[in-house]
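Colleague: Coordinates only, no sequence provided:
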């Protein structure tokens, strides 16, 4: 195994010296303390980003090069997809002598403040189900910390990308809709990600080629509001086929429609009920979870141990699953 090189660690004192303020003032600014002006906070934050600063405990581990703790970032504690894939990642890491720690990020995108406030532990790498913004990407690049993003196609060569063939997934469900003779389909999503857009585009393109134009219910920012709007649209427009962004959303929508005594085929994405009997059976498309998590963990551990930094982008094929 190649010996890892020691990296220079940026401290609060380093940032303070560059700005002519104390390390304590820097710390308070990064923690958004009320007695620090907004202008100073912005200046400190920008300087910290430029210098590649990370919270102290993480920096200590990076300096020693001995960390084996990988952060697994997610932003949904209710969707079982996150639990399933996080469990697979932790198990795969443990088999290779590494550890996985779940980090919750309560937004659609990971920002620099999330690193400072929610990721104080020592991490040698990050596997994220949440899209990082440009500032976060640059911080991890400067620190030389491997970053793998799952499920989202991001225009960046500075992080590794692992996502499903969402266009094809949408196409598969559209074909099934046509095979069933359905002519009034609807797509509903609770996500604003580009992943949702790819699923919808594949679905719509395939249907439109056969003269069918699907209805679309976008995310409102609140899943309950989105579901209520979708249920109302389905009943009023007599929708006869639904493609939901995820299995979780499909299950929730089916329950709402039952209360209205309305029944139609609902397909999701992730193939969760294929693996877990506890979940309500749901027709779905998705990839092989075991293959995805094994490849992601193998790749990121290789980068941690060898400092290999070539950009990785892998697309995983999907297939249709219909419960018995």
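Modeller: Arrived safely, thanks for sending. Note that the structure is predicted; figures quoted are calculated from it, not measured.
Colleague: Quick check: chain neighbours aside, which residue is closest to residue 212?
Modeller: residue 183 (5.8 Å; C-beta to C-beta, 6 or more residues apart in numbering). In this view, the C-beta of every residue, glycine as well, is placed from N, C-alpha and C.
Colleague: now that neighbour, what's its secondary structure?
Modeller: coil (DSSP: H, G, I helix; E, B strand; the rest coil).
Colleague: do you know how far residue 232 is from residue 263?
Modeller: 16 Å (C-beta to C-beta, to the nearest Å).
Colleague: what's stretch 204-212 in contact with?
Modeller: 170-171, 174-175, 177-178, 183, 185, 187, 213-214, 216 (C-beta atoms under 8 Å, 6 or more residues apart in numbering).
Colleague: list the buried ones in it?
Modeller: Buried positions in stretch 204-212, judged by neighbour count with 16 or more other C-beta atoms under 10 Å: 204, 206-207, 212.
Colleague: for residue 265, what are its contacts?
Modeller: 177, 180, 182, 240-242, 283.
Colleague: Mind doing that once more with 10 Å?
Modeller: Taking C-beta atoms under 10 Å, 6 or more residues apart in numbering, we find residue 265 in contact with 173, 176-177, 180, 182, 185, 240-243, 254, 283, 322.
Colleague: With residue 95 instead?
Modeller: 294, 297.
Colleague: Relative to residue 230, how far out is it?
Modeller: 41 Å.
Colleague: swap in residue 242?
Modeller: 8 Å.
Colleague: any common contacting residues for those two?
Modeller: Shared contacts of residue 242 and residue 230, defined by C-beta under 10 Å, 6+ apart, are found at 186-188, 215, 217, 249, 253, 257.
Colleague: Selecting buried members of those in ChimeraX, what would you type?
Modeller: Applying 16+ other C-beta under 10 Å to those, the buried members can be selected in ChimeraX as follows:
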select :186,187,188,217,249,253,257
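Colleague: List just the nearest of the shared contacts of residue 242 and residue 230 to residue 16.
Modeller: Using C-beta to C-beta, residue 249 is the member of these that lies nearest residue 16, at 47.1 Å.
Colleague: A helix includes the closest one, no?
Modeller: Yes. Under three-state DSSP, residue 249 sits within a helix.
Colleague: Which residue comes closest to it once chain neighbours are left out?
Modeller: Sequence neighbours aside, residue 190 is the residue nearest to residue 249 in space, at 5.4 Å (criterion: C-beta to C-beta, 6+ apart).
Colleague: Kind regards, and thank you for your time.
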